[in-house]
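Asks: Requesting a structural model of the entry that follows:
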Amino acid sequence: MKTAAAIRHVHFEDLGAYENVLAGAGYSVRYHDAGIDDLQSPELANCELLAVLGGPIGAYEEENYPFLKDEIAVIEKRLNFGRPAIGICLGAQLFARALGSRVYAGPGKEIGWAPIALTSAGKQSPLRFLEGVPVLHWHGDTFDLPEGAELLASTPLCRNQAFRYGKSVLAFQFHPEAPTKHFERWLIGHAAEINSTTGISVTELRSETARLAPESAPLGQQCLREWLSALN
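Replies: Take a look at the predicted model:
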């Protein structure tokens, strides 16, 4: 089987709805936990697909989280050689850093469900399945679009919501993998951030997710399924 190696920063932000798609496409998923597992492992550089997942730290905080240096190094290696890779939220920010762009605090936090606006390139990409559909946002940082990357989606608060770099690299600032089950783990894990963010509540996030994730998740899966098929 092909291997999809996923770098995970917090246990509850896993591949979510994407895991079944990868299994259906013939990938064996292996998680590598940042700060615990060796991020210089040859598997991360040589696997058929690398996925870098979300987390509540900054992509620029390597002084506090030294493992970020190794993580960015392995991402650089894959991106420089055009090896397939997908980044989600923090993962997308780390991709931007690996491609030489700046990551920094955005104008405000985006937490909750809202649609993305696709660029003309986005409408011709696998993201077209998500056009006009509310998706889950959960970030406070943003990044400059890397040189050579193609912008696919935006929101009013955050211009750079998704990009691709060549045919083999896809990055999402939002969460197309957001699960229909086990979302309670997100609410518990991010409790401090929710409580400190004006206008956000646990009950609203829970009810929005119950209402919107059943539509969004299958479309996010279709987005990934089409992207994977183009790699072959």
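
Asks: Scan the chain for its longest strand.
Replies: strand 103-114 (DSSP state E).

Asks: Pull out the buried residues from the host helix or strand of residue 229.
Replies: Element membership for residue 229, per DSSP states H and E: helix 202-231. For helix 202-231, the neighbour count (16 or more other CB atoms under 10 Å) marks 205, 208-209, 212-213, 216-217, 219-225, 227-228 as buried. (Glycine included, C-beta is placed from N, CA and C.)

Asks: for it, packing partners?
Replies: helix 18-24, strand 103-114, strand 135-143, helix 184-189, helix 191-196 (3 or more CB pairs under 8 Å, 6 or more residues apart in numbering; DSSP states H and E).

Asks: roughly how far out does the third one sit from the chain middle?
Replies: For strand 135-143, the gap between its own C-alpha mean and the chain's C-alpha mean amounts to 9 Å (CA atoms, centre = their mean, to the nearest Å).

Asks: Tell me which residues are up against whichever helix or strand comes after the longest strand of the chain.
Replies: Moving toward the C-terminus from strand 103-114, the next helix or strand (DSSP H and E) is strand 117-118. The set of residues external to strand 117-118 that reach it, using CB atoms under 8 Å, 6 or more residues apart in numbering, is 125, 127, 128, 130, 131, 152, 153, 154, 155.

Asks: contacting residues for the nearest residue to residue 218 once chain neighbours are set aside?
Replies: Spatially, and ignoring its direct neighbours in sequence, residue 218 is nearest to residue 17 (7.8 Å; CB to CB, 6 or more residues apart in numbering). Residues counted as contacts of residue 17 (CB under 8 Å, 6+ apart) are 177, 178, 179, 180, 217, 218, 220, 221.

Asks: Residue 112 pairs with what?
Replies: residue 137 (DSSP bridges).

Asks: Next, count neighbours for the closest residue to residue 13 other than its chain neighbours.
Replies: Counting by CB to CB, 6+ apart, residue 13 lies nearest to residue 54, which is 4.5 Å off, once chain neighbours are set aside. Look at residue 54: counted by other CB atoms under 10 Å, it has 27 neighbours.

Asks: For residue 54, grab phi and psi.
Replies: The phi/psi pair for residue 54 (degrees, to the nearest 10) reads phi -80, psi 180.

Asks: Tell me the confidence at it?
Replies: You'll see residue 54 listed with a pLDDT of 97.

Asks: same question, residue 197
Replies: 88.

Asks: That one contacts residue 110, doesn't it?
Replies: No - with contacts counted by CB atoms under 8 Å, residue 197 stays clear of residue 110, the gap being 10.2 Å.

Asks: Name the residue in the two with the higher neighbour count.
Replies: Ranked by neighbour count (other CB under 10 Å), residue 197 and residue 110 place residue 110 first, with 20 against 15.
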